[in-house]
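**Q** curious how this folds, go ahead:
(2 chains)
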Amino acid sequence: MHSFIIETGKHKGKRLKLPNGETIVGRDDEAGIRVGSKEVSRRHCAIVTSDDELRVRDLGSSNGTFVNGTPITGETLLRPGDLLVVGPMGFRLQDSSGGTADSTGKAKPRRSSPDQRLSDDDIAMLLTDVDASASDDTAVFGVDAAAPEPAQPIPVAKKRVFKTVAEEAADIIRRHREAGGRD
Amino acid sequence: MSHTLTQVIVTRILVVEDDRDEAEFLKKFLGEHGYEVQVARDAGQAHSAFIMNPPDFVLLDAILPNDVSGFEVCDRMKQSHAETPIVFLSGIELEDARDLALRVGADGYLLKPYDPNELLVMIRETADRVWQQVHLNADEAKSERVRFDCGECGRKLKVKGSHRGQRMNCPQCGASLTVPRRD
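**A** All right, here's what the predicted structure looks like:
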């Protein structure tokens, strides 16, 4: 079973196990992983897992979904050690042994701290208090005691700024049409 | 003969829809259920109809011809008549579209294709809810405080509830902002 290590917020350092199938990340009450931040769309991205791989795709979110600092455009394969950023939250994918790996694929040792798994209730409540522990527009990533700091700073998901309703509406309609939506 | 609250409140519905078939269907369907329907094909017609013949309820397409979207139409209508319920009938699935619709004051968002009976229920429920908000919660609304962030510099702002929908400049960076109509 795949799992993430949460890199930010109240649950930093905890392990989040992902069931096979599709898990929605977003602000929506029905999201499998709920992130209570205004930077996160109600249905922000989908994580699709199977026995041998994990993929993520953006669901037309306002601020984008990032893997290792790069905004994703299509369905993207995540490898152990990859960092998924959704709004102010960071999730690092573990390998099957429970450790993480850096971007070169080199496995990091398992965390020295006790394994802190989240219960289903924790997951349901996940990060609704994220704004209390992370500033509204800055992703703050902690340094894993057992892992070196990334060589490159992790880019922050920049909030798109629209000066007028017309500008924001035009952007939404453009994205709708690009996704094949009809008028 | 007894009337429900909605029958008393909603007599005339303005349908803003550029698709002729859709508009004709709505006119016929709603007419059969006792509503008087006026159709506008674009933003210009919508504003004229709204001023000349004020409706009790507006059904609004998000994508309209002539580069003025339903979002801008809603924003303008709500600035002058906040008490008129407005529901979007839209083919845009993006969560950002729902968010923007709510922020410009829409009272509902129904995704196309929709069940006509669901539309009837939505008209009744929305009309009742808005009527109660306007007439029963007016004092409460005046004393509330609206909290939101400046999209430009991120400063947290707090203003009176009576300022919802009004424009202001951020005291920190001077950016032009609109106080959200909804949280």
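
**Q** around A:Val166, how many other residues sit close by?
**A** Let me fix one detail, which is that residue A:166 is Ala and not Val. Residues within reach of A:Ala166, counting by other Cβ atoms under 10 Å in any protein chain shown, total 15. Quick note: C-beta positions are derived from backbone N, CA and C, even for glycine.

**Q** give me every residue that touches the closest residue to it other than its chain neighbours.
**A** Closest residue to A:Ala166 apart from its sequence neighbours, by Cβ to Cβ, 6 or more residues apart in numbering or on different chains: B:Glu72 at 5.4 Å. B:Glu72 sits next to A:165-166, A:169, B:43, B:104 when contact means Cβ atoms under 8 Å, 6 or more residues apart in numbering or on different chains.

**Q** among these, which ones are buried?
**A** Neighbour-count burial (16 or more other Cβ atoms under 10 Å in any protein chain shown) applied to these gives A:165, A:169, B:43, B:104.

**Q** any idea which of those residues is closest to A:Ser37?
**A** Comparing the buried ones among the contacts of B:Glu72 against A:Ser37 with Cβ to Cβ places B:Val104 closest, at 22.0 Å.

**Q** mind listing what the residue nearest to that closest one when sequence neighbours are not counted touches?
**A** Nearest residue to B:Val104, sequence neighbours excluded (Cβ to Cβ, 6+ apart): B:Asp75, at 4.0 Å. Residues in contact with B:Asp75 (Cβ under 8 Å, 6+ apart) are A:165, B:104-105, B:165.

**Q** make CSV from these and add secondary structure, distance to B:Ala127 and pLDDT to it.
**A** Formatted as CSV, those follow (DSSP: H, G, I helix; E, B strand; the rest coil; distance: Cβ to Cβ, whole Å; pLDDT from 0 to 100):
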residue, secondary structure, distance to B:Ala127, pLDDT
A:Val165, helix, 24, 90
B:Val104, coil, 19, 92
B:Gly105, coil, 15, 92
B:Gly165, coil, 20, 75
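
**Q** okay if I get the residues you listed as CSV plus distance to B:Ile123?
**A** Shown next, in CSV, are these (distance: Cβ to Cβ, whole Å):
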residue, distance to B:Ile123
A:Val165, 24
B:Val104, 19
B:Gly105, 17
B:Gly165, 23
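
**Q** can you list the residues that contact the longest helix that chain B contains?
**A** When chain B is parsed with DSSP state H, its longest helix is helix B:116-136. The contact list for helix B:116-136 (Cβ under 8 Å, 6+ apart) reads B:4-6, B:9-10, B:13, B:29, B:33, B:35, B:56-57, B:59, B:82-85, B:87, B:89, B:107-108, B:110, B:141.

**Q** please consider this matter closed, and thank you.
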